[in-house]
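**Q** any chance you could fold what I've pasted below:
(one chain, ligands or ions: 1)
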Amino acid sequence: MKHQLLLTVLLTMLTTSRSFNVASRRVVFNDLMTIQMKMKSTTDASSEAKGLDSISTPGNNDGDNGSDNGGEARRKKKPVNSSRFRQHVNPLASRYQQPRVPSPSVDTSWLTSNLSSPSNPYHLDIGCAKGTFCLSMSPLNPSVNYLGLEIRDPVVEYALDRRNRRKLDNCHFVSCNANVDLERVLEGMNAVGGLLKTVTIQFPDPHFKEKHKKRRVVVPELVRLIGESMEKEEGVVYLASDVKEVLDEMREEFNNCDMFEDTVEGDGYLEENVNEVPTERELSVLKDDKPVWRASFRLRR
Ligand SMILES: C[S@@+](CC[C@H](N)C(=O)[O-])C[C@H]1O[C@@H](n2cnc3c(N)ncnc32)[C@H](O)[C@@H]1O
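**A** So this is what the prediction gives:
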């Protein structure tokens with residue numbers, strides 16, 4: 001980037017300098033243009049080779065909409081690749097099938113050393129990506145712990161960095177495959193005296209192809225684990241997607257579980273987001289004027 005700027009300055013100087021005649025200006029100009037094009041193609045090829053896609057969500061630079069702790073944080077050194085992540089991973093790949101959360105009989109420090117009041121009630125955000133939802137909600141509800149689960153390690157690192165810069169002590173992000181580690185996450189919460197109060201699964205990766213449906217996060221086992229751990233009185237699960245088929249499928253899985261009841265009767269959908277803030281994905285969907293499909297479930301009494 002810096003080199004390209006330098007080349008542009010040189011090009012401008014060249015076109016205005018009197019010490020070159022027209023012919024030599026043209027030769028040097030052509031050489032500089034060739035260098036510039038070569039540099040551009042090398043940069044493009046290298047990002048392609050790394051398989052990196054820029055996630056174009058609002059507030060991409062810092063992953064939010066400027067509610068960070070001011071310009072000071074932005075001037076500090078950013079983590080490597082802070083806004084460029086691999087967009088999808090295959091949760092069924094063997095590396096994502098390994099447990100990453102310790103069993104509570106072994107260790108609960110991943111909760112106790114990251115939350116100031118680990119025994120407070122919990123909100124679980126499954127597939128939290130860069131953490132914007134939890135980061136925005138946690139200052140609004142300081143007596144609730146916001147725990148985001150995300151399968152992509154670098155994205156979790158980035159979310160944790162954002163949390164640290166905001167000095168939030170009721171928000172934490174865990175790098176794991178929710179379909180592998182949810183039980184240990186919930187057992188950990190229980191072990192430190194915390195109750196699961198609310199859950200959000202918002203805009204999970206749709207994995208459209210029929211053969212990739214198996215990658216979807218909402219499966220019967222996950223639904224049952226949530227139901228068994230949730231606080232009976234207040235427990236609510238909120239689901240959202242911009243893909244109607246994905247929302248319908250998630251909804252069917254919760255309807256199939258006798259522990260939950262749909263808060264919307266009949267075939268309708270929840271009209272609005274029941275939470276106080278939208279997610280990153282939701283903002284970009286709404287900006288494009290596309291519909292969002294929503295549903296919510298409570299535990300049967
Ligand atoms: C489309 S993004 C939506 C992120 C956020 N919920 C939002 O609405 O902006 C879905 C996220 O779920 C994560 N994810 C997909 N499968 C997962 C799994 N099995 N366990 C944990 N995270 C998962 C993906 O890596 C991705 O960050």
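
**Q** how about whichever residue of the stretch 101-250 of the chain sits closest to the ligand, what does it touch?
**A** Going by Cβ to the nearest ligand atom, the ligand is nearest to Gly127 of the stretch 101-250 of the chain, at 2.6 Å. (Glycine included, C-beta is placed from N, CA and C.) Contact analysis of Gly127 by Cβ atoms under 8 Å, 6 or more residues apart in numbering lists Leu149, Glu150, Ile151, Ala178, Ile201, Gln202, Phe203, Pro204, Asp205, Val217.

**Q** what is the lowest-pLDDT residue among those?
**A** Lowest pLDDT within the contacts of Gly127 is found at Asp205 (90).

**Q** run a quick neighbour tally on it.
**A** 19 (other Cβ atoms under 10 Å).

**Q** ok, now which ones touch it?
**A** Applying Cβ under 8 Å, 6+ apart, the residues near Asp205 are His88, Gly127, Arg215, Arg216, Val217.

**Q** tell me the pLDDT at the third one?
**A** Model confidence at Arg215, expressed as pLDDT, equals 93.

**Q** wait, what's in contact with the residue nearest the centre of the chain?
**A** Central residue of the chain (Cα atoms, centre = their mean): Ala129, 1.0 Å from the mean position. Contact analysis of Ala129 by Cβ under 8 Å, 6+ apart lists Ile55, Glu150, Val155, Ala159, Thr279, Glu280, Arg281.

**Q** near the ligand, which residues of the protein show up?
**A** 91, 127-129, 149-152, 177-179, 202-205, 217, 279-282 (Cβ under 6 Å from any ligand atom).

**Q** re the thing from before, make a markdown table out of the contacts of Gly127 and add distance to Thr112.
**A** Listed next are the contacts of Gly127 as a markdown table, based on distance: Cβ to Cβ, whole Å:
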| residue | distance to Thr112 |
| --- | --- |
| Leu149 | 18 |
| Glu150 | 21 |
| Ile151 | 24 |
| Ala178 | 21 |
| Ile201 | 26 |
| Gln202 | 27 |
| Phe203 | 31 |
| Pro204 | 29 |
| Asp205 | 31 |
| Val217 | 27 |
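
**Q** can you select the buried ones among those for me in ChimeraX?
**A** Buried residues among the contacts of Gly127 (16 or more other Cβ atoms under 10 Å), as a ChimeraX selection:
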select :149,150,151,178,201,202,203,204,205,217
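
**Q** just the helices from this protein, written as ranges.
**A** Along the chain, counting by DSSP state H, helices occupy 2-16, 22-49, 70-75, 109-112, 132-140, 153-166, 178-191, 220-229, 244-255, 280-287.

**Q** hey, least reliable of these by pLDDT?
**A** Among the helices of the chain, helix 22-49 scores lowest, with a mean of 41.

**Q** before we move on, back to that, distance to Lys232 added to the contacts of Asp205, as JSON lines?
**A** Below are these laid out as JSON lines (distance: Cβ to Cβ, whole Å):
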{"residue": "His88", "distance to Lys232": "36"}
{"residue": "Gly127", "distance to Lys232": "25"}
{"residue": "Arg215", "distance to Lys232": "32"}
{"residue": "Arg216", "distance to Lys232": "27"}
{"residue": "Val217", "distance to Lys232": "24"}
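
**Q** how far off centre is stretch 265-285?
**A** 17 Å (Cα atoms, centre = their mean, to the nearest Å).

**Q** which residues sit against it?
**A** 56-59, 63, 129-130, 132-133, 136-137, 140, 200, 202-203, 236, 238, 240, 242, 247, 263-264, 286, 292-296.

**Q** which ones among these lie within strands?
**A** Thr200, Gln202, Val236, Tyr238, Ala240, Trp293, Arg294, Ala295, Ser296 (DSSP state E).

**Q** need the per-residue pLDDT for the last one.
**A** Looking back up the chat, that one is Ser296. Per the predicted model, pLDDT is 97 at Ser296.

**Q** cool, the third one as well?
**A** Predicted confidence (pLDDT) at Val236: the value is 96.

**Q** was I right about it contacting Thr198?
**A** Yes: contact status for Val236 versus Thr198: in contact at 5.1 Å, counting by Cβ atoms under 8 Å.

**Q** the two - which one has more neighbours?
**A** Shown here are Val236 and Thr198; by other Cβ under 10 Å, Thr198 has more neighbours (23 against 18).
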